[in-house]
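A.B. asks: Next comes the sequence, and after it the predicted model I'd like to discuss.
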Amino acid sequence: MAIRLLEVYHSPDEKVDFKELLGKIEVIDLRHLKVSRSEILTRILLPAGETEKAVETLDRCFSKDEKYRIIISSPEATIPRPQTEEAPPHKKEEKGEIVSIEEVYQDIADRVRPSLYYYVFVFLSAIVASVGILYNNVAVIIGSMVIAPLLTPNMGLSLGTTLADRDLMKSSLITGLTGYAVAFAVGVVFGVLFGVDPRSPEILSRIDLSLMYVLLALACGVAGSLSLVEGAAQPFVGVMIAVALLPPLVAGGLLFGSGRFPEALRAVFLFLINVVSINLAGVLTFLLQGITPRKWWEKRKAKKVVKRAIILWLAVLAVIVAIILLYEYTKK
């Protein structure tokens, strides 16, 4: 069972019965420590699935306390082992092991800012992908997707939209767009230097538009969002995101550098299909998982932003589907 440790700093002036305050929230261990005359530290050990409810409850109670701060950490283990009460089967299914909004946000916010590390790995992954596509080597292309750090900016944009967080959306957009530009530019350079055969199987698979790619990208978006909320294996989901984004983008660059502009346009269009689908699926998944701001006025603002974003993404996706259907019709 995954567990979380909440360290709550607060003023001793706040006479709070934590057991009564937390009520039905399952608590494994609860201890108080006097840090100073003006500060108390309360440590709460609880199942990971209870974190969000506990944080919301504590935030409502201590939000006006100047000393108030919550630190959330994830212990590897505890001795003695947690002895939790058996819950009814239906309640177990409802809980899951969902991490708190703060953990999801911090995980994304820390990595979404543009950094040298990010650009170096995008650059390297684009080189590996270019070589793999030019030589029709599937193993090399898969290797490029393993090192491509494309999960974070897409999930950051989806999370920022869901929370109506402009700073997170801005950082995610900058990081994502500049990373895409680097990958495309690497493909262009390889296309100019080495040329490309448009009849190559790896090229043909990136310029043949199909509705199946929409389904693939939607699945990637859902998987990426769930990997953050449910604590799944993010590296593997990162590969899924890269499957949808890196190869068509690099293929577009290769074709553009070789002077194959119509084919390059189709590859870039496939890339755009994936970006739209991933972000739409990400927003919807975060929303369904209950990822919303905590304050009521922030919730109202976020509701409007999410509604507009979903309408925009759906409208763009509808246009994309229409273009794909027209393309498939003209092929017959």
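C.D. replies: Good, I have the coordinates.
A.B. asks: for the record, mean pLDDT for the strand or helix carrying Val250?
C.D. replies: If you go by DSSP states H and E, Val250 is part of helix 234-257. Mean per-residue pLDDT for helix 234-257: 80.
A.B. asks: next SSE after that helix?
C.D. replies: Following helix 234-257 in sequence, per DSSP H and E, is helix 261-288.
A.B. asks: Quick check: mean pLDDT of the following helix or strand past that following helix?
C.D. replies: Remark: after helix 261-288, the chain's next helix or strand is helix 296-331, criterion DSSP H and E. Mean per-residue pLDDT for helix 296-331: 87.
A.B. asks: so helix 296-331 versus helix 261-288, what angle?
C.D. replies: If you take axes from the mean of the first three to the mean of the last three CA atoms, to 10 degrees, helix 296-331 sits at 150 degrees to helix 261-288.
A.B. asks: List the buried residues of helix 296-331.
C.D. replies: Within helix 296-331, the residues that qualify as buried are Ala302, Val305, Val306, Ala309, Trp313, Val316, Leu317, Ile320, Ile324, counting by 16 or more other CB atoms under 10 Å. Every C-beta, even on glycine, is put in place using the N, C-alpha and C of the backbone.
A.B. asks: following the one helix or strand in the chain whose mean pLDDT sits lowest, which helix or strand shows up next?
C.D. replies: Here the helix or strand of the chain ranked lowest by mean pLDDT, DSSP states H and E is helix 89-95, holding a mean of 42. Following helix 89-95 in sequence order, the next helix or strand is helix 101-112 (DSSP H and E).
A.B. asks: Name the residues of that following helix that are buried.
C.D. replies: Across helix 101-112, burial judged by 16+ other CB under 10 Å covers Ile101, Glu102, Glu103, Val104, Tyr105, Asp107, Ile108, Ala109, Arg111, Val112.
A.B. asks: CA-only coordinates of that helix in CSV, if you can.
C.D. replies: This file holds the C-alpha atoms of helix 101-112, laid out as CSV (Å, rounded to 0.1, in the frame of the first residue of the first chain):
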residue,chain,number,x,y,z
ILE,A,101,-3.1,17.6,-6.8
GLU,A,102,0.0,19.3,-5.2
GLU,A,103,2.1,16.2,-6.0
VAL,A,104,0.9,16.2,-9.6
TYR,A,105,1.4,19.9,-10.0
GLN,A,106,4.9,19.9,-8.4
ASP,A,107,6.0,17.0,-10.5
ILE,A,108,5.1,18.8,-13.7
ALA,A,109,6.0,22.4,-12.7
ASP,A,110,9.6,21.3,-11.7
ARG,A,111,10.3,19.8,-15.1
VAL,A,112,8.3,21.9,-17.5
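A.B. asks: what comes into contact with it?
C.D. replies: 51-52, 55, 70, 72, 74, 152-153, 155-156, 159, 163, 165, 168, 171-172, 175, 228-229, 291-292, 294 (CB atoms under 8 Å, 6 or more residues apart in numbering).
A.B. asks: Could you identify the buried members of these?
C.D. replies: Here, 16+ other CB under 10 Å leaves 51-52, 55, 70, 72, 152-153, 155-156, 159, 163, 165, 168, 171-172, 175, 228-229, 291-292 buried among the contacts of helix 101-112.
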